[in-house]
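A.B. asks: no sequence for this one, just the structure:
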């Protein structure tokens, strides 16, 4: 129950004093009171709402969580009672964890902005469609985003029409998994004609067919993009290894099929 006082006793603050101390508006504090997020601990006989130092600590929690992007509804469920030192420490631990998470998110955003800036300067022309593709790839944590700038607009339009963020991520996960298998085969010097190698090559070729949707006219463009002279990042470095191992392995695969899509194109 809220305590009532004839006058404002020592240790209590009016809504205006709290607003000034904490850098918020009186209207904000009145709204928090109305929403039962932070109600003042006492009231004077004249009806003035009175706050304590504990209320200030609670308000600090609210401001901190709000700055991290939590809704008032979320904050309401996260506020601690703060009756014991352990509860205060627990509240601070939770806030610290939330802030660390936010820092990580901001660091990722900063990294994405810096990478996009590099790509924008390399593309040389203003191309918002391409920028958008790069952003989506960056958000997917897809290291192969540098490929985007190498595709022409027709190829990119085909890719956009067939893949959204979810299906694109799924495809890249499968491609990277197969690429990792190929790197391992290369390390172990597994022969191109071996059953182990041919099984992985078949899986890789299935992915290429899925990517092109069976349109073999895309193959020369893929070959051009995949021809990496000097690797500029870890993904490209891996692709160089994959490409060098795949070339003879695909020749064996196609000779067994009795057809070579590359030659036909």
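C.D. replies: On my side now, so go ahead. These numbers come from a predicted model, not from an experiment.
A.B. asks: Can you list the residue ranges for helices in the stretch 101-250 of the chain?
C.D. replies: Counting by DSSP state H, counting those that start in this stretch, the stretch 101-250 of the chain has helices at residues 128-139, 153-162, 165-187, 195-212, 219-226, 234-257.
A.B. asks: do you know how far residue 69 is from residue 98?
C.D. replies: 9 Å (Cβ to Cβ, to the nearest Å). All C-beta spots, glycine's among them, are computed from the backbone N, C-alpha and C.
A.B. asks: Please point out which parts of stretch 247-254 sit buried.
C.D. replies: 249-250, 252-254 (16 or more other Cβ atoms under 10 Å).
A.B. asks: re earlier: so which of the helices of the stretch 101-250 of the chain comes closest to residue 42?
C.D. replies: Comparing the helices of the stretch 101-250 of the chain against residue 42 with Cβ to Cβ, the closest turns out to be helix 128-139 (49.0 Å).
A.B. asks: Quick one: mean pLDDT for that closest one?
C.D. replies: Per-residue pLDDT over helix 128-139 has a mean of 65.
A.B. asks: circling back to that earlier point, for residue 29, which of the helices of the stretch 101-250 of the chain is the nearest?
C.D. replies: Of all these, helix 128-139 comes closest under Cβ to Cβ, at 37.6 Å.
A.B. asks: So residue 209 versus residue 216, what's the distance?
C.D. replies: From residue 209 to residue 216 the distance is 9 Å (Cβ to Cβ).
A.B. asks: now swap in residue 108 and tell me
C.D. replies: 38 Å.
A.B. asks: can you put the buried residues of stretch 247-254 in TSV and add distance to residue 83?
C.D. replies: Below are those laid out as TSV (distance: Cβ to Cβ, whole Å):
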residue	distance to residue 83
249	68
250	69
252	73
253	70
254	74
